[in-house]
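Undergrad: 3D, please:
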Amino acid sequence: MADALTFSISSTEFTEDYTPSPDSRITTNFANLARGENRQENLRNALTMINRRFNSLAHWDNPDGERYELELEILSANVHFDGAQGAQDFPLLEVLNTSILDRQTGTRSAGIVGNNFSSYVRDYDFSVVLPNAADATGKPSLPEDFGDLHGRLFEHFLNSAAYRKRFEQLPVICISVSTSKTYRRNGNSHPVLGLEYEQDDYSLTDAYFAKMGLRVCYFMPVGSVAPLAFYFRGDLLNDYTDLQLASIISTMETFQKIYRPEIYNANSPAPAVYQPSLSAQDFSRTRIDYDREERTRLGASQGKYTEEHFITPNRELLDAWAAGYAVPAA
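TA: Numbers count the residues shown, from 1 in each chain. Here you go, the predicted structure:
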């Protein structure tokens with residue numbers, strides 16, 4: 001039954017000339033930058049920020065801070081299946097892949113796949129399922145199976161021939177910490193990831209990623225002002241090189257400075273006990289256009305699109321597939 005769903009991966013270079021494809025999720029971070037009158041300037045400025053940050057992190061044997069350049073590509077995964085209307089496919093998720101160009105030697109090395117994570121089914125879960133969930137008394141309630149289908153689809157994708165043929169390492173995803181939680185430094189530090197934070201209780205997003213087989217840790221990288229949440233399998237500190245870790249930090253911290261400047265472009269670093277807030281006033285804005293409210297609206301519309309075009313017409317197939325899918329150990 002697992003073979004009822006297969007995958008294919010396509011890629012698009014993320015450069016200052018990037019234009020989102022018609023199938024790309026328009027709420028994806030990089031797609032938002034590539035819209036509007038200032039699209040090329042937005043993209044150029046974001047890429048400049050990424051490369052400067054990467055060189056500041058990879059400072060060894062790099063006295064001028066110009067040795068490295070990050071090359072980014074957007075990976076789009078489609079799921080293929082035989083549905084009620086015959087052979088079908090659906091744009092399941094998008095992630096970023098980084099490659100590291102060493103200008104001094106002319107060599108390229110693998111960065112990290114994952115970074116950003118964008119998913120239509122996650123839009124459906126958070127924008128359709130969650131708002132409509134209630135217990136017997138009518139009070140809001142989190143369904144017990146919330147995120148199960150999405151988690152199994154992600155597991156199946158990582159174990160697919162399409163993924164394994166292209167990547168030797170597992171993905172790492174990096175996003176903002178939750179504004180509903182308090183984070184505390186635990187005394188651990190890493191030369192690139194920086195100061196480690198921890199919290200006593202998972203956020204809803206942490207729990208959702210756990211159903212994808214991903215663990216979480218929180219680090220405030222060297223030179224940063226707030227911790228980031230890293231979702232991964234295996235051993236984050238030992239499975240990836242310092243250059244690879246620098247690639248995900250520089251990429252995703254740049255996006256967060258644009259999208260959540262109140263947290264990641266604050267004018268002072270997070271203290272030892274820290275609760276992030278989007279109502280903070282002591283921060284600087286980047287010169288890159290972004291409409292956060294529009295992204296929220298579009299997320300809801302894309303969740304509805306997923307319900308109408310993927311979940312509802314194929315519910316019997318998806319339920320049977322999920323029920324018979326054995327989730328591998330993380």
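Undergrad: and Asn265, what are its phi and psi?
TA: Torsion angles at Asn265 (phi, psi; degrees, to the nearest 10) stand at phi -120, psi 30.
Undergrad: apart from its neighbours in sequence, what residue is nearest it?
TA: Lys257 (4.5 Å; CB to CB, 6 or more residues apart in numbering). Quick note: C-beta positions are derived from backbone N, CA and C, even for glycine.
Undergrad: and whichever helix or strand the one you found is part of, what does it pack against?
TA: Per DSSP states H and E: Lys257 is located in helix 242-259. Under the contact criterion of 3 or more CB pairs under 8 Å, 6 or more residues apart in numbering; DSSP states H and E, helix 242-259 touches helix 29-33, helix 39-57, strand 68-83, strand 86-102, strand 107-119, strand 172-176, strand 228-232, helix 261-264.
Undergrad: what angle do that helix and helix 39-57 make?
TA: Angle, helix 242-259 to helix 39-57, by axes from the mean of the first three to the mean of the last three CA atoms, to 10 degrees: 140 degrees.
Undergrad: now do the end-to-end distance for stretch 262-271.
TA: 15 Å (CA to CA, to the nearest Å).
Undergrad: show me where the stretch 101-250 of the chain dips below the pLDDT cut-off.
TA: Along the stretch 101-250 of the chain, the parts satisfying pLDDT under 70 run over 134-140.
Undergrad: so where do the strands sit in it?
TA: Assigned by DSSP state E, counting those that start in this stretch, the stretch 101-250 of the chain shows strands spanning 107-119, 172-176, 183-190, 194-198, 215-220, 228-232.
Undergrad: how about the last one: buried residues?
TA: Buried residues in strand 228-232, counting neighbours by 16 or more other CB atoms under 10 Å, are found at 228-232.
Undergrad: which one of those residues sits closest to Ala323?
TA: Checking the buried residues of strand 228-232 against Ala323 by CB to CB gives Tyr231 as the nearest, at 25.7 Å.
Undergrad: residues in contact with the closest one?
TA: Counting by CB atoms under 8 Å, 6 or more residues apart in numbering, Tyr231 touches 117, 172-175, 209, 212, 214-216.
Undergrad: find the nearest non-adjacent residue to Tyr120, please.
TA: Thr306 (4.4 Å).
Undergrad: count the residues that sit near that neighbour.
TA: Per other CB atoms under 10 Å, the neighbour tally for Thr306 reads 24.
Undergrad: gap between the closest residue to Ala272 other than its chain neighbours and Thr251?
TA: Closest residue to Ala272 apart from its sequence neighbours, by CB to CB, 6+ apart: Arg185 at 4.6 Å. From Arg185 across to Thr251, the span is 24 Å (CB to CB, to the nearest Å).
Undergrad: neighbour-wise, which of these two wins?
TA: Remark: of Arg185 and Thr251, Thr251 carries more neighbours, 29 against 18, as counted by other CB under 10 Å.
Undergrad: tell me who's in contact with the spatially closest residue to Leu47 that is not a sequence neighbour.
TA: Using CB to CB, 6+ apart and skipping the chain neighbours, the partner closest in space to Leu47 is Glu16 (6.3 Å). Contacts for Glu16 (CB under 8 Å, 6+ apart) come out as 40, 43-44, 47.
Undergrad: rerun that using 10 Å as the cut-off
TA: Listed by CB atoms under 10 Å, 6 or more residues apart in numbering, the contact partners of Glu16 are 33-34, 39-48.
Undergrad: same check, this time on Glu73
TA: Applying CB under 10 Å, 6+ apart, we find Glu73 in contact with 10-15, 18, 95-99, 113.
Undergrad: between those residues, which has the most around it?
TA: Of all the contacts of Glu73, the highest neighbour tally under other CB under 10 Å goes to Leu96, namely 28 neighbours.
Undergrad: so that residue makes contact with Ser250?
TA: No - counting by CB atoms under 10 Å, Leu96 does not reach Ser250; the two are 11.8 Å apart.
Undergrad: buried stuff in the helix holding Lys257?
TA: Within helix 242-259, the residues scored as buried using 16+ other CB under 10 Å are 243-259.
Undergrad: thinking again about what came up before, what do Leu96 and Ser250 both touch?
TA: The contact lists of Leu96 and Ser250 share Gly111, where a contact means CB under 10 Å, 6+ apart.
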